[in-house]
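Visitor: Can you look at this prediction? I've put the sequence above it.
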Amino acid sequence: MMTRYAHISRMALLMGSVLFVVGCAAPSTAPSGSHGKQFTTMWEEIYGRLKPEIDSGNISVERGEVTLANPSVTNDQANTNSDGMGLPSSAAAVGTPGPGAASREFIRIRLTDRVLFDSGEDQIKADGVNVLSRLGRILAGEKGLEIVIQGYTDNASIRERLRSKFTDNMALSQARAANAAQILRNNGVASESLRLEWFGESRPISSNESEEGRRRNRRVEIMITPK
């Protein structure tokens, strides 16, 4: 099986595990587990507070389970980085579940560029700041969470005027994740609960052949799991 590389936190390397998504759609019943009640309450509050954006299609919220997998990655393969905010970030391999893999609940919020960014930009628009601020105020009161902020881009080349700021789409997606994380921090989310991942154009969720597809690929996803 081909090993895929992505920017993932140092914490995952130290634990010898990364997140491997096995379920994406929101289940009709809460996943079993010690955090089930917490996640049910949090899910309802997130869905309620973000409902206008969900109804408009600018945000999707999903609930399910992830499996912790042991990736075949060595220290030589890992390229540790700093995001400049004191948040952990590095490179690791995404593996498949093996013996001893365990499941954890998750909530994932996917925000499109309609509320976040203009094409090629990392600065978050006013609507995006509003949404992330609301989310941050919800998460600020929660304990025992790991909140992963993932940045993505479409496959368009970096514009000439921005090349001094971003060398490539990987750098742009890193900046997008970092800016989203900063808004969460500004609204009370503890830095130790946050970590960044950035993937550039490598994980599209739609075809880049159309403008609508490219808009969907320019996004930030926030993955919430128990620690």
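Guide: Perfect, I can see it now.
Visitor: Pull the contacting residues for H35.
Guide: By Cβ atoms under 8 Å, 6 or more residues apart in numbering, the contact list for H35 reads 105, 144, 226. The C-beta positions use only the backbone N, C-alpha and C, and glycine is treated the same way.
Visitor: The closest residue in space to the second one that isn't next to it in sequence: how many residues sit nearby?
Guide: It refers to G144. Nearest non-adjacent residue to G144, counting by Cβ to Cβ, 6 or more residues apart in numbering: K227, 5.2 Å away. The local packing of K227 (other Cβ atoms under 10 Å) involves 12 other residues.
Visitor: Mind pulling the model confidence for K227?
Guide: Looking at K227, its pLDDT reads 85.
Visitor: circling back to that earlier point, among the contacts of H35, which one sits closest to G136?
Guide: Using Cβ to Cβ, G144 comes nearest to G136 of the contacts of H35, at 17.0 Å.
Visitor: Show the contacting residues for that closest one.
Guide: For G144, the contact set (Cβ under 8 Å, 6+ apart) comprises 35, 38, 226-227.
Visitor: Which two among those are spaced furthest apart?
Guide: Distances among these were taken as Cβ to Cβ; the most separated pair is Q38 and K227, at 11.8 Å.
Visitor: circling back to that earlier point, columns secondary structure and distance to V189 on top of the contacts of G144, output as CSV?
Guide: Shown next, in CSV, are those (DSSP: H, G, I helix; E, B strand; the rest coil; distance: Cβ to Cβ, whole Å):
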residue, secondary structure, distance to V189
H35, coil, 17
Q38, helix, 16
P226, strand, 15
K227, coil, 14
